[in-house]
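Colleague: What follows is a predicted structure for the sequence shown.
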Amino acid sequence: MAIYLDEDMVGEDPTKIGFPHLVLCMGVVVVMGDGSLIGAHFTKPTTEPALLRLFAEKVRSNGSGMNELYCLANVAEHVDLHSGLDIYGKAKGIGFTGQGYVADFGVLNPTDGTYAEVTSNGAGNRETVSCKLNQQVTYATAFRAGPDASMVRTTGGTLASGEKWSGTKRTTMKTSTVGATAPFLSTPFLRPVTIT
């Protein structure tokens, strides 16, 4: 079952993490040693430190070690215009070293953001990174039954430690139901980055 991370949320899923509507934001996914995925939806510099702490806690609690790091964004918007941390800053914030990848959606020239997702193909296999221009995605409000221990969020720039997401708290949570207007793009523009 996939999870879809809204703004300032951290979550874990064994198969897929999606990021609805990345405009100024950056979706970040760590592939763990067991093949599971942990991700965070970064928005603005004021919430970034709290979200990085929460992200790092989630990674440490998994315990299987970090294998790869993926940063998905219109990089010029997130880093240059919005003053968010780049892949090196995000990696430092969670203690990651190794192989990273940047998917820069600026090459798509998005007018209303981008939907992006990372799919795990199991431990030891390369992940699939896909994206679609936001105007080509149909969104519907989604709810999970009861609290979901795999997702937590920050609130108002401060860490809401231990708070669990549930449909009653995040009524604006979006999931993707892909429209027929255009296919997903498997991102051929992933730029490899070695992080030391």
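Modeller: Noted; the coordinates are in hand.

Colleague: can I assume Ala116 sits in a helix?
Modeller: No - Ala116: not assigned to a helix; according to DSSP: H, G, I helix; E, B strand; the rest coil it is strand.

Colleague: In the chain, where's the longest helix?
Modeller: Criterion DSSP state H: the longest helix present in the chain is helix 48-62.

Colleague: avg pLDDT for stretch 90-107?
Modeller: For stretch 90-107, mean pLDDT rounds to 95.

Colleague: and if you look at stretch 123-141?
Modeller: Per-residue pLDDT values over stretch 123-141 give a mean of 82.

Colleague: same check, this time on stretch 24-34
Modeller: Averaging pLDDT along stretch 24-34 yields 96.

Colleague: What are the boundaries of the helices in the chain?
Modeller: Going by DSSP H, the chain shows helices at 48-62, 75, 87-94.

Colleague: tell me the most buried of these?
Modeller: Highest mean neighbour count of these: helix 75, a mean of 21 (counted as mean count of other C-beta atoms under 10 Å). (Glycine included, C-beta is placed from N, CA and C.)

Colleague: And stretch 21-33, end to end?
Modeller: Counting by C-alpha to C-alpha, to the nearest Å, you get 28 Å between the two ends of stretch 21-33.

Colleague: tell me which residues of that stretch are tucked away?
Modeller: For stretch 21-33, the neighbour count (16 or more other C-beta atoms under 10 Å) marks His21, Leu22, Val23, Leu24, Cys25, Met26, Gly27, Val28, Val29, Val30, Val31, Met32 as buried.

Colleague: Dead centre of the chain: give me the residue that sits there.
Modeller: Gly27 (3.1 Å; C-alpha atoms, centre = their mean).

Colleague: Identify the residues contacting that one.
Modeller: Residues counted as contacts of Gly27 (C-beta atoms under 8 Å, 6 or more residues apart in numbering) are Leu5, Ile17, Phe19, Gly39, Ala40, His41, Phe42, Cys71, Leu72, Ala73, Ala116, Val118.
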